[in-house]
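[1] when you get a sec, could you give me coordinates for this:
(one chain, ligands or ions: 1)
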Amino acid sequence: MQSPAIPPSTERREGVVIETDVNLKPYNTFGLPATARRLVRIREELDVRRVVDHPELGRAPKFVLGGGSNLVLTRDVDAVVLKMEIPGLRVEERDDCWIVEAGAGVAWHEAVAGSLALGVPGLENLALIPGTVGAAPVQNIGAYGVELKDRLENVDVVDLTTGRRVTLPAEVCRFGYRDSVFKQTGYGGLAGKSVITKVRLRCPKPWQPQLGYLDIERKMAETGISAPDAKQVFDWICEIRRAKLPDPARIGNAGSFFKNPVVSAEQCRDIITRDPHIVHYPMPDGSFKLAAGWLIDACGWKGKSVGGAAVYEKQALVLVNRGEARGAEVVTLARAIQESVYGRFGIRLEPEPVVV
Ligand code: EPU
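    Predicted coordinates for the structure are as follows:
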């Protein structure tokens, strides 16, 4: 007999429950309309193996869906959607660190808040980043001076062809700015080839706060607290983010829509001559990172819209869904922004989210 928890448009075969014609609107933080022809919920590592061994699904293209927070859906998804829902959060204490182990389906913020509640500091600068734990290494999430790569110990991944699991140490993940081997399609890239099922994070002892970021320095000056504990930093980061970034539960969005572009020292000097106020940060290799939000803002985009897609009023780097936006409208708006920034500054902005 079928379990009553399974909705009617499902099929159970070879231990795999396949849901058909699934509405993806609730599963992407932009709230864009699209349908998955077939969707399988991955609740344990073995579920991936079951999909790989499945007579029909095994060879079909797969699309891995985490929290859908870095995704622009412009059409229905034909590939088999693997919706990552592997739970679990545990902490192991070692002499020199704590290891936080989390299932790929855990909400990233729950992992940050949960580890802090278990007495482990070290992830607080990454509070309130939307998405799941399994998606965090894919684009090497980062905020307020800390990136995922600074905390990653290793990840468990399952090969989507063989169903075999391997544990990859951080060193082989080819992390870059919002980039990793899991996003790369070229030589050795793992995009579309494997799925992350578990992530282990290393929080070093003794804990050292990361406070070298303008927004945090402002909080320290305002409150007079010069030696905050991890919970204090966590609370500050939550306040800072809530003040300038829209809550995806209320206003659909995918975080920063473009990466901050990196230019040569010469290019940077040239732009400063024309726009002395441009926000720029020196990089260790002599290049400069420019604030994409500033560039878009300078072109007058705040509050502008295409259909239901708009540029957020408080942060020009974030595109939002004002209501019934469609993926195509988001893409049209993004292209118009790219053209205008290129026209004025000669800089090509690269989108951060995956466009499907
Ligand atoms: N700015 C403007 N106008 C705007 C937006 C920004 O002038 O409309 C200026 C700000 O005043 C500031 C500078 O641009 O001087 C940078 O802005 P902010 O500090 O808000 O950071 P960001 O560069 O826009 C990056 C990450 C965020 C991360 C923050 C904090 C990228 C693409 N974005 O944003 O990450 O939270 O720094 O570390 O690297 C994300 O990737 O989705 C994300 C939200």
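[2] packing partners of the longest strand along the chain?
    For the chain, the strand with the greatest residue count under DSSP state E is strand 194-204. Applying 3 or more C-beta pairs under 8 Å, 6 or more residues apart in numbering; DSSP states H and E, we find strand 194-204 packed against helix 45-53, strand 80-84, strand 97-103, helix 108-117, strand 152-159. For glycine as for every other residue, the C-beta is placed from the backbone atoms N, C-alpha and C.
[3] close to the ligand: what parts of the stretch 1-150 of the chain are there?
    Residues of the stretch 1-150 of the chain found near the ligand (C-beta under 6 Å from any ligand atom) are Ala143, Tyr144.
[4] remind me which residues of the stretch 1-150 of the chain are low pLDDT?
    Applying pLDDT under 70 to the stretch 1-150 of the chain picks out residues 1-9, 11, 13-14.
[5] tell me the domain ranges of the protein?
    Annotated domains of the chain cover 9-84, 89-204, 214-244, 252-355 [automatic domain parsing].
[6] let me have those domains in CSV, adding mean neighbour count as columns.
    As requested, those are exported to CSV (neighbours: other C-beta atoms under 10 Å):
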stretch, mean neighbour count
domain 9-84, 18
domain 89-204, 19
domain 214-244, 15
domain 252-355, 18
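[7] mind listing what the longest strand of the chain pairs with, with the direction of each?
    strand 97-103 (antiparallel), strand 152-159 (antiparallel) (DSSP bridges).
[8] tabulate the helices and strands packed on strand 194-204 (CSV), appending distance to Gln184.
    As requested, the helices and strands packed on strand 194-204 are exported to CSV (distance: least, C-beta to C-beta, whole Å):
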stretch, distance to Gln184
helix 45-53, 20
strand 80-84, 19
strand 97-103, 23
helix 108-117, 21
strand 152-159, 14
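[9] ok, now which ones touch Ile296?
    Phe258, Lys302, Val311, Ala316, Leu317, Ile337, Val341, Leu349 (C-beta atoms under 8 Å, 6 or more residues apart in numbering).
[10] my bad, Val157
    If you count contacts by C-beta under 8 Å, 6+ apart, Val157 has them with Arg165, Val166, Thr167, Leu168, Phe182, Leu190, Ser194, Val195, Ile196, Thr197.
[11] Asn154: which of these is nearest?
    Using C-beta to C-beta, Thr167 comes nearest to Asn154 of the contacts of Val157, at 5.2 Å.
[12] show me what the helix or strand hosting the closest one is packed against.
    Here Thr167 sits within strand 165-169, counting by DSSP states H and E. Here strand 165-169 touches strand 152-159, going by 3+ C-beta pairs under 8 Å, 6+ apart.
[13] how far off centre is stretch 221-235?
    Mean-position distance between stretch 221-235 and its chain equals 26 Å (C-alpha atoms, centre = their mean, to the nearest Å).
[14] please apply the same query to stretch 144-151.
    Centre-to-centre, stretch 144-151 and its host chain are 13 Å apart (C-alpha atoms, centre = their mean).
[15] got the CA positions of it in PDB?
    Taking Å, rounded to 0.1, in the frame of the first residue of the first chain, the C-alpha atoms of stretch 144-151 are listed here in PDB:
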ATOM      1  CA  TYR A 144      32.200  40.200   5.900                       C
ATOM      2  CA  GLY A 145      35.700  39.000   5.400                       C
ATOM      3  CA  VAL A 146      35.100  35.200   5.600                       C
ATOM      4  CA  GLU A 147      34.600  32.700   2.800                       C
ATOM      5  CA  LEU A 148      33.400  29.100   3.000                       C
ATOM      6  CA  LYS A 149      36.900  28.100   1.800                       C
ATOM      7  CA  ASP A 150      38.400  29.500   5.000                       C
ATOM      8  CA  ARG A 151      36.300  27.000   7.100                       C
END
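[16] now do the nearest residue to Val318 once chain neighbours are set aside against the ligand, distance only.
    Spatial nearest neighbour of Val318, excluding adjacent residues (C-beta to C-beta, 6 or more residues apart in numbering): Tyr312 at 4.2 Å. Between Tyr312 and the ligand the distance is 8 Å, computed by C-beta to the nearest ligand atom, to the nearest Å.
[17] Tyr312 is in contact with Pro246, isn't it?
    Yes. The pair Tyr312 / Pro246 is scored as a contact, 5.8 Å apart, by C-beta atoms under 8 Å.
[18] tell me, what's touching those two both at once?
    With contacts defined as C-beta under 8 Å, 6+ apart, the residues shared by Tyr312 and Pro246 are Asn253, Val318, Val320.
[19] quickly note the distance from the nearest residue to Lys302 once chain neighbours are set aside to Ile237.
    The spatially closest residue to Lys302, leaving aside those adjacent along the chain, is Ala316, at 5.1 Å (C-beta to C-beta, 6+ apart). Counting by C-beta to C-beta, to the nearest Å, the gap from Ala316 to Ile237 is 21 Å.
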